Structure formats: C-alpha cells, structure tokens
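Engineer: next one to model:
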Amino acid sequence: MEIGGIEMYRRKYGRGFRPHISILLDGTEFHVDSSPGKRGWNLITHAHSDHYGQRNMDNPRAVASAETARILEAATEKEYEGITFDVGGKIRVQGQKIETYPTFHIHGSAAFFFRNVELLITGDVKDYCELPECRILVTEATYGHPSHVFEDEVGKLLDIASHNVVLGAYPIGKAQRVAEILKKEIGFRAEERVERICRAVGICPDENGPLIVSPRNLARYGGGYILTAQNFYRWPKITLSDHLDYRGLLEMIHHCNPETVVFYHGKPSKALIRYLESEKIECKTLEEIKN
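Structural biologist: Next up is the predicted model:
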C-alpha cells in the first residue's frame, strides 16, 4: 500500500502476517520492530520482546541503539550482532540517512527519522518533547482509547516502597525506571534477572530496600504491588506507565504535525481515528495494510 508516496506493507507468514510493518525506500526494505527478514534491515526501536529485538540478536542487519543492545544482551545472555548507534545521533543504512531521537519509553528507546521523505517511526513513547515534525508518523496506540487517562503515582510508590514491600515490574524497562526512582530516595534490591538488566544500564542495587521482581513472580514472594497502568492484574496497583496516555498521544500527534498517521502497534479506538480525521489527519491501521 502506498501511503504518502511511500510503499508500506506487511510480510506474509502462513495465513497471516509477520509482526508490525515494513517500508520500502529507494529499493531498500526496512522492517520495523519485526522478526528478521530475508532481505533488508530490521529497525529495533527498543528492547521489549513484543518489538522483536530478542529475535534479532544474531541478525547482522538489525539496527538498535547501543543501550538497547546492552539490555538485550543482559536479558538473553547472548551477543548482539547488529549495528548500534547512540540515541540522538545520525546513522547511514544502505545509503539512507537516518536521524534518531529519544522517546523516553525505556532505556535506549529511539525513534527513526528519514528527513528526506519526512517519515518518523517512533516505537513506544513516554515523552515526545524531542521528536521532530514530520509528514508521515508511524507510531503506537497502546492507550488509544479515551478511557485510558492516568497520572503516574510516584509519590504513592515512594510511600509504599518505604515499607520494604515487593514490587512487581516488567524486567525490561519498567524495573529500571522504578529502580532509578527508588535509588534516589530509598534504595532497592532486585531478583537476579532484573538486577542483571539494571546493571547493564548502570543502575546498581543496594543491600536494603524494597525488592523489585517480575510480575509473574509476585506469588513466589507472598504477593506485593504491581506497577502498571493496566487493570488486568489481581495484585494491588500503583499506576506507573512507560507510555503516553490518551491525552498524551493526541498531544504527541499535534506536536509532530503529520499529514498521515500510521498506527503500527496497539489498537487505536474508533474515537481516536474519528478525532484525527476531524483534524484533517489521514489515519491508517495495520488492518488496512494487507499486501
């Protein structure tokens, strides 16, 4: 499908498709947060498993930030064989000049900007302040429904954590954010995998303090608190998200000022799509990209 003069498609896999989206620029394929392709380059926006960095560890045509590579190596205990860059810098891939920008989603998360065609690929976003304006915005909609409005409860986190409780946080990303917050005020401990990833980005645990564990392991420790903006966990919740909420998503789109938005991750609501169309912004979703 041609979107804004750029060919975007999904690679077929059996009766379905490979994850996320691929883009063809001047004869070169770029697979965004997807499993390795037989041709082209894999752009990895960050280290979360649903963005397929772990599937690209032995792919020499994978492109990820140096910090993302360190996190992936700590998480998988394998060596990353792709290309790395420093977030905020520029890289050249197969003749294409690509600028990179921080998205503050997790350590190492980066957006890719092809200035020659004004195409911005964000990955997941927590803070859009450094993102450039663009013509075509390829972005997320994790909290793409008007009901998804929340505020981070950092004060509540610090109050509860002062009692040396167990805190459930995703080992990649959320755990490091929590660790940084606690390190400044209280200190923290971490189970082995979480500690390994924290050390990969320069955050060292203490001898005392609340224990950070993977959410799936909370029952092993007799329970605790889950750090999330989602509502499907049975443990008491402290709201702490690494994503923009619905309001922030709209603010980011207006900040980037695109003519077209392509939601390649998450499910945008009908309300979101209607709102953008009312603002004369064209919207595309993965369901519309079938070729």
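
Engineer: what sits against the residue nearest in space to the middle of the chain?
Structural biologist: Nearest to the geometric centre of the chain sits residue 124, at 3.4 Å (CA atoms, centre = their mean). By CB atoms under 8 Å, 6 or more residues apart in numbering, the contact list for residue 124 reads 45-46, 48, 51, 103, 105-106, 109, 140, 142, 242-243, 265. From N, CA and C alone the C-beta is placed, and that goes for glycine too.

Engineer: which of those lies closest to residue 281?
Structural biologist: residue 140 (15.8 Å; CB to CB).

Engineer: please, where are all the strands along the stretch 51-200 of the chain?
Structural biologist: For the stretch 51-200 of the chain, the strands defined by DSSP state E, counting those that start in this stretch cover 62-65, 83-85, 90-93, 96-102, 110-114, 119-121, 136-141, 166-168, 189-190.

Engineer: packing partners for the first one?
Structural biologist: Under the contact definition 3 or more CB pairs under 8 Å, 6 or more residues apart in numbering; DSSP states H and E, strand 62-65 sits against strand 41-43, strand 83-85.

Engineer: can we see that at 10 Å?
Structural biologist: strand 28-32, strand 41-43, helix 66-76, strand 83-85, strand 90-93, strand 96-102, strand 110-114 (3 or more CB pairs under 10 Å, 6 or more residues apart in numbering; DSSP states H and E).

Engineer: neighbouring strands - and their directions - for the second one?
Structural biologist: Right, the one you point to is strand 41-43. strand 28-32 (parallel), strand 62-65 (parallel) (DSSP bridges).

Engineer: can I get the helices and strands packed on strand 62-65 in a markdown table with mean pLDDT and mean neighbour count?
Structural biologist: Formatted as a markdown table, the helices and strands packed on strand 62-65 follow (pLDDT from 0 to 100; neighbours: other CB atoms under 10 Å):
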| stretch | mean pLDDT | mean neighbour count |
| --- | --- | --- |
| strand 28-32 | 97 | 22 |
| strand 41-43 | 98 | 25 |
| helix 66-76 | 98 | 22 |
| strand 83-85 | 98 | 18 |
| strand 90-93 | 98 | 14 |
| strand 96-102 | 98 | 18 |
| strand 110-114 | 98 | 25 |
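
Engineer: got these as a markdown table, with distance to residue 163 columns?
Structural biologist: Below are those laid out as a markdown table (distance: least, CB to CB, whole Å):
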| stretch | distance to residue 163 |
| --- | --- |
| strand 28-32 | 43 |
| strand 41-43 | 43 |
| helix 66-76 | 29 |
| strand 83-85 | 40 |
| strand 90-93 | 46 |
| strand 96-102 | 34 |
| strand 110-114 | 37 |
